[in-house]
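Engineer: Turn this into a model:
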Amino acid sequence: QVHVVESGGGVVQPGGSLRLSCAASGFTLKDYAVGWFRQAPGEDHEGVSCIRSTSSLTYYVDSVKGRFTISRDKVVDAVYLQMDNLKPEDTAVYYCATLVTCDRGYDVRYRMSDYWGQGTQVTVSS
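Structural biologist: The predicted structure follows:
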């Protein structure tokens, strides 16, 4: 079965850090652009950051620039989202997905599949 698996979420205080991981099952993640999305309660999915497969090109939504870093490890075939200086407004379920490409302003329409994984909950609270 082909799907992605997110992990690494948790509960942290404001200013804390988490590292999310995205792994693939049934296919090779390194062949694809990958994007992270998040969905807060009552909100639509928001594109947070993405990375292309064939270059180091990355994109970040303005609200996370300077705090989040996306990277990929082609040896272990995973994509990571390092989240530093977390804020309460970062609280959401985070999902990863393969994309047709990583471009500025990417959104859910860039996904290669309509499937959402189980996501990983990030809660930032004092």
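
Engineer: Within the helices and strands, which one has the spatially most central residue of the chain?
Structural biologist: The chain has Trp36 as the residue nearest its centroid, 2.3 Å off, counting by C-alpha atoms, centre = their mean. In this assignment (DSSP states H and E), Trp36 forms part of strand 33-39.

Engineer: Touching, Gln121 and Val93? I think so.
Structural biologist: Yes. With contact defined as C-beta atoms under 8 Å, Gln121 counts as touching Val93 (5.4 Å). Where you see a C-beta, it was placed from the backbone N, CA and C, and this is true even at glycine.

Engineer: okay, whatever helix or strand comes next after the strand holding Trp36 in CSV with CA atoms only?
Structural biologist: Downstream of strand 33-39, the first helix or strand assigned by DSSP H and E is strand 46-51. C-alpha atoms of strand 46-51 as CSV (Å, rounded to 0.1, in the frame of the first residue of the first chain):
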residue,chain,number,x,y,z
GLU,A,46,-2.4,25.5,4.9
GLY,A,47,0.8,24.9,3.0
VAL,A,48,3.7,25.4,5.4
SER,A,49,6.9,24.4,3.6
CYS,A,50,8.0,22.3,0.6
ILE,A,51,11.1,21.0,-1.0
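
Engineer: if we look at strand 46-51, which residues are touching it?
Structural biologist: The set of residues external to strand 46-51 that reach it, using C-beta atoms under 8 Å, 6 or more residues apart in numbering, is 33-40, 57-61, 64, 68, 70-72, 79, 81, 92, 94, 99, 102-103, 105-108, 110.

Engineer: List only buried entries from the residues you listed.
Structural biologist: For those, a neighbour count by 16 or more other C-beta atoms under 10 Å gives the buried set as 33-39, 59-61, 64, 68, 70, 72, 79, 81, 92, 94, 99, 102-103, 106, 108, 110.
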